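Engineer: build the 3D model from these lines:
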Amino acid sequence: MKDQIKYIAAMLIYGTNGIVASFIDLPSEEIVLMRTLIGGALLSLLVLLSRSRPEPGAVKSQGLKLLCAGVCLGANWALLFEAYKLAGVSMATLMDYCAPVIVLLLSPLLLRQKQGARAYIGMAAAIFGLVLALGIGGVHITGTALAVGLAAAVFYAGLIILNQMIKGFSGLQLTAAELVIAAVVMLCYVLLRGGSIRLPGNEGGTAALLVLCTVNTALACYLYFSSMNRLRARTVALLGYIDPVSALVFAAVFLNESMTALQIFGAALVLAGAAYGQSGGKERL
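Structural biologist: Numbers count the residues shown, from 1 in each chain. Next up, the predicted model:
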């Protein structure tokens, strides 16, 4: 129960990411670079102060998985923040949450966690709802926005699966290591694109960036990673839908993002399908 509460708290904080990012006047990749640099530094400091170490041999045996997870983390955030700009917070969040569907498909093969018919019925409903939410009969989503949003989902799914596989690290150690790896990846990417490490040009943007780096990254990532690798993939996928629900509400309240009736129905179908497909049976929450 403690891990579930921590995971839910992380999802609610993540639901505000698009709101906070809307105040930051920087390219998406530079926002993510600052987020991983500052967040990674804060959590690395906590690891040093705690004097904790991974289990013997964990770094060597889990190193490749850890590296891939860090890359997935950086790529997901960069693509998601770009999708916020291309499609809006609501649509970008819904596209990103194709990830749990991908996890359901791959978990029997990669995690040896079998799924029943209920899971696949729910998945089909979620996919259909996502199609409706992405603009049939209403808002137009460009091909670029769709590609960026779905690519973010692929990397998010990879992150969930890899963190289920990684053993021998505490939640704090795992979070700090993946943020540092993501920061190195993003630094290389930003420099190759001619960008730099910098703050926004106004006080409001700087304040929003600091909130994003400390609360929405350091704190939320600690809660997220320290609980995620102790929960089953099915539970992670179900509770993960708290993020898009809260993001939709926050976007409507604070950014005045509107959705058509058909899109609202589609979003509800996504969430209902996920809840149905990942509840019941022997794995009740």
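Engineer: list the helices and strands the strand or helix carrying Ser107 packs on?
Structural biologist: In this structure, Ser107 is located in helix 99-110 according to DSSP states H and E. For helix 99-110, the elements it packs on are helix 117-133, helix 143-165, helix 233-239, judged by 3 or more CB pairs under 8 Å, 6 or more residues apart in numbering; DSSP states H and E. Backbone N, C-alpha and C define where each C-beta goes, glycine included.
Engineer: mind listing what's buried along the helix or strand that comes right after the shortest one?
Structural biologist: Scanning forward in sequence from helix 233-239, with DSSP H and E defining helices and strands, the next element found is helix 242-254. Within helix 242-254, the residues that qualify as buried are 242-248, 250-251, counting by 16 or more other CB atoms under 10 Å.
Engineer: low-confidence regions, the stretch 1-150 of the chain specifically.
Structural biologist: Residues of the stretch 1-150 of the chain meeting the criterion pLDDT under 70: 111, 113-115, 134-140.
Engineer: surely Leu26 meets Asn202?
Structural biologist: No: assessed by CB atoms under 8 Å, Leu26 is found out of contact with Asn202, at 10.9 Å.
Engineer: those two - which one has more neighbours?
Structural biologist: Leu26 (19 against 12; other CB atoms under 10 Å).
Engineer: how far away is the nearest residue to that one once chain neighbours are set aside from Val180?
Structural biologist: Nearest-residue entry for Leu26: Pro200, 5.6 Å, with adjacent residues in sequence omitted and distances by CB to CB, 6 or more residues apart in numbering. Here Pro200 is placed at a distance of 23 Å from Val180 (CB to CB, to the nearest Å).
Engineer: repeat for Ser246
Structural biologist: Distance, Ser246 to Val180, by CB to CB: 28 Å.
Engineer: and for Glu30?
Structural biologist: 18 Å.
Engineer: go on, Asn202?
Structural biologist: Taking CB to CB as the measure, Asn202 and Val180 are separated by 29 Å.
Engineer: Tyr222 too?
Structural biologist: Tyr222 is 14 Å from Val180, by CB to CB.
Engineer: picking that back up, so the helix holding Ser107 versus helix 143-165, what angle?
Structural biologist: Angle between the axes of helix 99-110 and helix 143-165 is 40 degrees (criterion: axes from the mean of the first three to the mean of the last three CA atoms, to 10 degrees).
Engineer: gap between helix 99-110 and the chain center?
Structural biologist: Distance of helix 99-110 from the chain centroid (CA atoms, centre = their mean, to the nearest Å) equals 15 Å.
Engineer: buried sites along it?
Structural biologist: Those would be 99-104, 106-107, for helix 99-110 by 16+ other CB under 10 Å.
Engineer: if we can go back for a sec, ok, the buried residues of helix 242-254 vs Gly149, which is closest?
Structural biologist: Pro244 (11.9 Å; CB to CB).
Engineer: Tyr156 reaches Cys72, doesn't it?
Structural biologist: Yes: here Tyr156 reaches Cys72: they are 7.5 Å apart, a contact under CB under 8 Å.
Engineer: thanks a lot, catch you later.
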